[in-house]
Each structure stands twice: as C-alpha cells, then as structure tokens.
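1. got a sequence here, can you build the structure:
(chains A and B)
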2 protein chains.
Amino acid sequence: MVEALSEAERADALDGLPEWDYDEGRDAITRTVVFDDFVQAFGFMTQVALVAEKANHHPEWTNVYNRVEILLTTHDAGGLSSKDIELADAIDAMIEE
Amino acid sequence: MVEALSEAERADALDGLPEWDYDEGRDAITRTVVFDDFVQAFGFMTQVALVAEKANHHPEWTNVYNRVEILLTTHDAGGLSSKDIELADAIDAMIEE
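-> Next up is the predicted model:
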C-alpha cells in the first residue's frame, strides 16, 4: 500500500515537475494541456489511458475539444503519493515527444 | 450553421432522452455513466470520440476511474442544438449495447 508523501518529499517532487500546480485542497497536482484539435487531445488521452491502466493508477481528467485538464492524487493514500509523481513524469514525457 | 433549439423543440427532444438532465445555466444536457472499471469507461469514451470527431461535434466530459460525466452543448449556436440531440442518441445507443 502506497503512502502519501511527506511535506519534504512533496516539495522535492514538485521541484521536478515545473509544469504541474499543487492543489492544496485535494492534496493533488494538476496540469492543463492544450493541443491543436480534438484528435491530438484524445490521442494523448489514449496514450495516458494505457500507461495509467498498466500502472493501475488513473487520472481524474476533463476534456473540452483540444484541452485536457488532469488531476492526480491517490485515493488509497488520502493524497499525493509516489504513484502520482511517476504518472506525472510519464505524462510530461509524452507531451515533450 | 446550426441554431439553438427553441423551447418547444428542446422539450420535445428531452422527452426522447430520459437518461439526460437539462442544465439550464449552460443550455446543455448532461449524463453520467458508471461502468465496472476504467477499461470499460475509457473504451466507451473511445467509441464516443470516433463518432464525435466524425460529426465534428465534441462533448465536454470528465472521467474518474469508472465514471464518465458528459455535457453536450453547441458553442457555435450558443446553446443546445440538434447536433447535441444526435450525439446524445448515439451515446445512448452505445450504452445500451
């Protein structure tokens, strides 16, 4: 069972994720990505879906046409955990491609 | 260019869509669908994405694990239009399968 990050661990992790914002109320991280169109946005979501399912750790996300808003937190841990940091790193790598 | 439905047209359309709620503030319709797991939920989203792209009319939607919340409205028409009703019918047919 994964545990929520300590404040120091979280600060370290966020330093490595400059594209993500910390949501204090949810103990979560969020990132919004804007693509050229829906095909690109949903293609990205499909990539994330496969990685998320493999890791058995899934995002909360909203899509409106070319925009995808992602929120990562770990319900089982009651907040941000290493699983979220790993998924955020994987998502950043996909976007950079 | 598609126009927003009149109040009478909207009432008729909603009669045919008992699973959808009318969102007055957005002049939109909404439906939440709960699946067994993420694979089923995202599989459904992929079906909807293909139909939506083909019709060039896209949902606003949020996914949290096995749950998909869908909102349909037509930005170009400033509210609910026949495009939303057609997409809602297509979505209902997918869910019934």
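
2. spatially, what comes nearest to A:Ile91 if we skip its sequence neighbours?
-> Nearest in space to A:Ile91, with sequence neighbours left out and distances taken as C-beta to C-beta, 6 or more residues apart in numbering or on different chains, is A:Val48 at 5.9 Å. For glycine as for every other residue, the C-beta is placed from the backbone atoms N, C-alpha and C.

3. list the contacts for that neighbour?
-> Taking C-beta atoms under 8 Å, 6 or more residues apart in numbering or on different chains as the criterion, A:Val48 is in contact with A:59, A:61, A:70, A:90-91, A:94.

4. please pick the buried ones from the residues you listed.
-> Buried subset of the contacts of A:Val48 (neighbour count, 16 or more other C-beta atoms under 10 Å in any protein chain shown): A:59, A:61, A:70, A:91.

5. nearest to B:Ala8 among these?
-> Distance to B:Ala8 across these (C-beta to C-beta) is lowest for A:Trp61, with 36.8 Å.

6. let me know the helix or strand that the closest one is in.
-> In the assignment (DSSP states H and E), A:Trp61 maps to strand A:60-64.

7. what angle sits between that strand and strand B:60-64?
-> 170 degrees (axes from the mean of the first three to the mean of the last three C-alpha atoms, to 10 degrees).

8. buried set for strand A:60-64?
-> Buried residues in strand A:60-64, counting neighbours by 16+ other C-beta under 10 Å, are found at A:60-64.

9. just stretch A:50-58 next, same as before
-> Of the residues in stretch A:50-58, those buried under the neighbour-count criterion (16+ other C-beta under 10 Å) are A:51-52, A:57-58.

10. okay, those residues in CSV with pLDDT, secondary structure and distance to chain B next?
-> Below are the buried residues of stretch A:50-58 laid out as CSV (pLDDT from 0 to 100; DSSP: H, G, I helix; E, B strand; the rest coil; distance: C-beta to the nearest C-beta, whole Å):
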residue, pLDDT, secondary structure, distance to chain B
A:Val51, 98, helix, 12
A:Ala52, 98, helix, 7
A:His57, 98, coil, 10
A:His58, 98, coil, 5
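
11. quick check: residues of chain A near chain B?
-> Taking C-beta under 8 Å from any C-beta of the partner chain as the measure of proximity, chain A contacts chain B at A:38-39, A:42, A:45-46, A:49, A:52-53, A:58-65.

12. mind doing that once more with 10 Å?
-> By the rule C-beta under 10 Å from any C-beta of the partner chain, the part of chain A lying against chain B is A:37-39, A:41-43, A:45-46, A:48-50, A:52-53, A:56-67, A:69, A:71, A:75.
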